[in-house]
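Engineer: got a predicted structure plus its sequence, pasted below:
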Amino acid sequence: MIRVLVDENLSEFLADGLNAIQKPLNNGIELQSMAKIFGKGAADEVWIPSWGKKDGIVLTQDLNITRTRHQVELFQQNELAGFFLKVPGKSTYWSRVETLIKHWPEISKIIITKTRPYSYLITPRKVEELK
């Protein structure tokens with residue numbers, strides 16, 4: 001089973017919904033809510049090492065993980081894989097959902113075929129690897 005942690009900034013309901021939509025594909029991917037596993041407001045310094053030990057992947061809107069030196073190092077040291085959703089600031093909840101659903105076939109293919117660590121940026125138009 002490949003587990004994907006959905007950050008609380010994307011909602012535990014989105015995690016449950018994506019998991020339900022994804023489940024019939026029977027491809028070994030399971031989405032889980034960060035809030036349900038680590039509790040609301042869990043610090044990055046807590047969940048990143050723990051999730052890294054579980055060979056986890058994270059789906060988040062927290063672009064600071066890709067910008068803040070300490071968090072980048074923590075992410076890399078724990079060999080996490082990450083998908084970072086970047087949408088215009090005034091985007092609605094539904095536009096975020098729409099972006100993820102639109103790109104889910106590509107995202108799931110990456111999850112299944114690529115070896116950690118890796119990072120991808122998801123925008124309304126594309127999914128691109130972060131270097």
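Structural biologist: It's in.

Engineer: what helix or strand is the nearest residue to residue 55 once chain neighbours are set aside located in?
Structural biologist: Leaving aside its chain neighbours, residue 55 sits nearest to residue 116 (6.9 Å; criterion: CB to CB, 6 or more residues apart in numbering). Glycine gets a C-beta too; all of them are placed from N, C-alpha and C. Taking DSSP states H and E as the definition, residue 116 sits outside all helices and strands.

Engineer: buried set for the helix ranked longest in the chain?
Structural biologist: Scanning the chain for the longest helix, with DSSP state H as the assignment, gives helix 93-113. Across helix 93-113, burial judged by 16 or more other CB atoms under 10 Å covers 96, 97, 99, 100, 103, 104, 107, 108, 110, 111.

Engineer: what's that helix packed up against?
Structural biologist: Using 3 or more CB pairs under 8 Å, 6 or more residues apart in numbering; DSSP states H and E, the elements in contact with helix 93-113 are strand 2-6, helix 12-22, strand 29-33, strand 81-85, strand 118-122, strand 127-129.

Engineer: nearest the geometric middle of the chain, what residue?
Structural biologist: Nearest to the geometric centre of the chain sits residue 59, at 0.9 Å (CA atoms, centre = their mean).

Engineer: ok, residues contacting whichever strand or helix holds it?
Structural biologist: Taking DSSP H and E as the definition, residue 59 sits inside strand 57-60. With contact meaning CB atoms under 8 Å, 6 or more residues apart in numbering, strand 57-60 is reached by 2-7, 9-10, 31, 34, 51, 80-85, 100, 111, 116.

Engineer: write the ChimeraX selection for whichever of those residues are buried.
Structural biologist: Selecting only the buried entries of the contacts of strand 57-60 in ChimeraX, with 16+ other CB under 10 Å as the criterion:
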select :3,4,5,6,7,10,31,34,51,80,81,82,83,84,85,100,111
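
Engineer: where's residue 120 relative to residue 37, distance?
Structural biologist: Noted for residue 120: a distance of 22 Å to residue 37, by CB to CB, to the nearest Å.
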